[in-house]
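**Student:** quick one, structure for this:
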Amino acid sequence: MAYRCRRFERFAFDCPAAGAAARLWGIDLYTDDSSLCSAAVHAGEITLAAGGRITIEMRPGESRYFAITRNGISSLSLTTPAPCSFVLYPW
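**Tutor:** Numbers count the residues shown, from 1 in each chain. Presented below is the predicted three-dimensional model:
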């Protein structure tokens, strides 16, 4: 994944319609190995049914990530540091 750990750079992706949920860690700030499209659904930017274009911005990693269920997607918690993170842009 060429975008990983490229801090404060932005990248656009197309999420397909009729997508499936995949693993993600965090709430609004996600580990950089989280599913981009699932994170976008979790954040309320797109739906799994419709898909859509998203933009992420890479950020430094955090020491801990929390979990919550939103928009039909459950994120996971992580209690070990991750090297990098991303947010959906614009935040």
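
**Student:** low-confidence stretches in this protein?
**Tutor:** Along the chain, the model assigns pLDDT under 70 to residues 91.

**Student:** the longest strand in it is where?
**Tutor:** strand 52-60 (DSSP state E).

**Student:** contacts for that strand, please.
**Tutor:** 3-15, 29, 32, 36-37, 39-40, 45-46, 84-91 (C-beta atoms under 8 Å, 6 or more residues apart in numbering). The C-beta positions use only the backbone N, C-alpha and C, and glycine is treated the same way.

**Student:** pull out the buried positions in that strand.
**Tutor:** 52, 54, 56-59 (16 or more other C-beta atoms under 10 Å).

**Student:** all helices for the protein, in order.
**Tutor:** Using DSSP state H, the helices found in the chain span residues 36-42.

**Student:** about what we covered before: and the longest strand of the chain, C-alpha only, in CSV?
**Tutor:** Extracted as CSV, the C-alpha positions of strand 52-60 are listed here (Å, rounded to 0.1, in the frame of the first residue of the first chain):
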residue,chain,number,x,y,z
GLY,A,52,-18.4,6.3,-3.6
ARG,A,53,-15.2,8.3,-3.9
ILE,A,54,-13.4,9.1,-0.6
THR,A,55,-10.3,11.0,0.3
ILE,A,56,-8.1,10.1,3.2
GLU,A,57,-5.3,12.1,4.9
MET,A,58,-2.5,10.1,6.5
ARG,A,59,-1.6,11.0,10.1
PRO,A,60,0.9,9.8,12.8
